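*Asks:* what's the 3D shape of this:
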Amino acid sequence: MSHPQPVARRMYDLVEPIGMVPYFADESDEALIALGLRNQWDAYFAGRAAPFGRAVPAEVVHAVFYNFAPGEVARHLPRVWALTTPEAALAARERGCVAGMRRILGELADAPGVARASDLLVRAATSAPMEGRALYAALRALPVPQEPVARLWHAATLLREHRGDGHTVALVAEGVGGTEAHVLHALSVDMPAEQFGRVHHLPAAQLTAVIDGMRARGLVGTDGWLTAAGRATKERVEALTDRLAEAPYNALSPSELDRLVADLEPISVALRAVFPW
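*Replies:* Residues are numbered from 1 along each chain as shown. Below you'll find the predicted structure:
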């Protein structure tokens with residue numbers, strides 16, 4: 001079986017839908033909010049930052065997450081830890097994600113392919129070096145679930161954050177800031193930045209200042225769209241992100257990788273069918 005795409009890009013297409021379950025399946029937010037959290041963003045920051053524990057300040061989480069506007073993390077951390085604990089948040093997030101995946105996958109959740117995929121994906125996800133990957137390393141310190149659906153989700157989360165840590169490296173290398181990364185992505189898919197979900201809520205003057213800074217560096221043209229230099233920057237970021245995401249899959253033989261791809265495909269299709277991509 002040939003892989004016309006780079007392995008990391010092909011696996012990203014298959015693993016990302018699983019890694020996105022906490023953000024698209026209501027069960028995850030519901031389980032976290034049931035702990036006493038106030039809203040979806042409390043749930044987001046509690047669930048995603050929980051591997052760091054309660055002692056890590058908002059400034060550190062802001063640095064690791066990279067792409068939130070100044071002050072956004074601090075509106076939720078450390079306040080959420082007065083309402084629940086990192087341990088409870090981790091358990092609720094996993095419980096909610098498994099429930100969401102089971103609802104969406106139906107009978108497929110108990111198919112042999114899920115168990116096979118979970119074992120192979122865990123092996124890949126726990127094989128990469130942790131140095132320079134703060135969130136990935138924090139997740140690696142957690143126990144790996146044994147139940148196949150939970151195991152598959154956990155492995156996908158490890159791989160998503162491993163890739164995300166590498167993506168931050170690529171953005172830093174190109175001098176692209178956190179909010180700028182959202183503008184770069186939006187414009188690369190021909191969407192006006194002010195319509196993109198992760199920045200549309202920002203004050204107009206703040207977003208305009210970000211775009212003006214990118215224009216001054218030649219990334220955005222006078223027409224408000226990416227220049228050739230801007231598109232080349234985006235392509236370099238994605239190419240480096242892919243290269244930095246290759247390491248986990250080196251733990252699998254070609255035949256194991258083919259087996260994993262075959263088992264993940266129906267899972268990915270089922271999740272993509274219900275998530276708003």
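*Asks:* wait, what's in contact with the closest residue in space to V80 that isn't next to it in sequence?
*Replies:* Among residues not flanking V80 along the chain, A46 sits closest, at 4.3 Å (CB to CB, 6 or more residues apart in numbering). Placement of C-beta: from N, CA and C, glycine included. Contacts for A46 were tallied using CB atoms under 8 Å, 6 or more residues apart in numbering; they are 32, 35, 37, 76, 80-81, 84, 86, 89.
*Asks:* hmm, which of those residues are the buried ones?
*Replies:* 32, 35, 37, 76, 80-81, 84, 86, 89 (16 or more other CB atoms under 10 Å).
*Asks:* Go through those residues and name the one nearest S127.
*Replies:* P86 (25.4 Å; CB to CB).
*Asks:* doesn't A50 make contact with the closest one?
*Replies:* Yes - between P86 and A50 a contact is recorded at 4.0 Å, counting by CB atoms under 8 Å.
*Asks:* What helices and strands are in contact with the helix ranked longest in the chain?
*Replies:* As assigned by DSSP state H, the longest helix anywhere in the chain is helix 148-173. Helix 148-173 sits against helix 7-19, helix 21-24, helix 86-105, helix 112-125, helix 134-140, helix 228-244, with contacts defined as 3 or more CB pairs under 8 Å, 6 or more residues apart in numbering; DSSP states H and E.
*Asks:* how many other residues sit next to the residue lying closest to V56 once chain neighbours are set aside?
*Replies:* Leaving aside its sequence neighbours, V56 sits nearest to A49 (CB to CB, 6+ apart; 7.2 Å). Using other CB atoms under 10 Å, A49 is surrounded by 26 other residues.
*Asks:* Could you tell me the phi and psi values at A49?
*Replies:* Phi and psi for A49, reported as degrees, to the nearest 10, are phi -90, psi -10.
*Asks:* and it, how far is that from I267?
*Replies:* According to CB to CB, to the nearest Å, A49 and I267 sit 27 Å apart.
*Asks:* same question, E30
*Replies:* Applying CB to CB, the value for E30 to I267 is 22 Å.
*Asks:* Also E107?
*Replies:* Here E107 is placed at a distance of 12 Å from I267 (CB to CB).
*Asks:* of those two, who's got more company?
*Replies:* A direct count of neighbours by other CB under 10 Å for E107 and I267 places I267 higher, at 25 against 7.
*Asks:* model confidence over the helix or strand containing that one, on average?
*Replies:* Following DSSP states H and E, one finds I267 within helix 254-274. Taken as a whole, helix 254-274 has a mean pLDDT of 98.
*Asks:* what residue ranges in the stretch 151-277 of the chain score low on pLDDT?
*Replies:* Scanning the stretch 151-277 of the chain for pLDDT under 70 picks out 277.
*Asks:* for the residue nearest the centre of the chain, what are its contacts?
*Replies:* Central residue of the chain (CA atoms, centre = their mean): R160, 4.8 Å from the mean position. Going by CB under 8 Å, 6+ apart, R160 touches 15-16, 19-20.
*Asks:* go on, E30?
*Replies:* So E30 contacts G96 (CB under 8 Å, 6+ apart).
*Asks:* if we can go back for a sec, mind checking which of the helices and strands packed on helix 148-173 is nearest R54?
*Replies:* Closest to R54 of those is helix 86-105 (CB to CB; 5.6 Å).
*Asks:* then the closest one to CSV, C-alphas only?
*Replies:* Below are the C-alpha coordinates for helix 86-105, written out as CSV (Å, rounded to 0.1, in the frame of the first residue of the first chain):
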residue,chain,number,x,y,z
PRO,A,86,-7.0,18.6,37.7
GLU,A,87,-7.6,14.9,38.6
ALA,A,88,-11.3,15.3,38.5
ALA,A,89,-11.1,17.3,35.2
LEU,A,90,-9.0,14.6,33.6
ALA,A,91,-11.4,11.8,34.6
ALA,A,92,-14.4,13.8,33.4
ARG,A,93,-12.9,14.7,30.1
GLU,A,94,-12.0,11.1,29.4
ARG,A,95,-15.4,9.9,30.5
GLY,A,96,-17.2,12.4,28.3
CYS,A,97,-15.0,11.8,25.3
VAL,A,98,-15.5,8.1,25.5
ALA,A,99,-19.3,8.6,25.8
GLY,A,100,-19.2,10.9,22.8
MET,A,101,-17.2,8.5,20.7
ARG,A,102,-19.5,5.6,21.5
ARG,A,103,-22.6,7.6,20.6
ILE,A,104,-21.1,8.6,17.2
LEU,A,105,-19.4,5.3,16.4
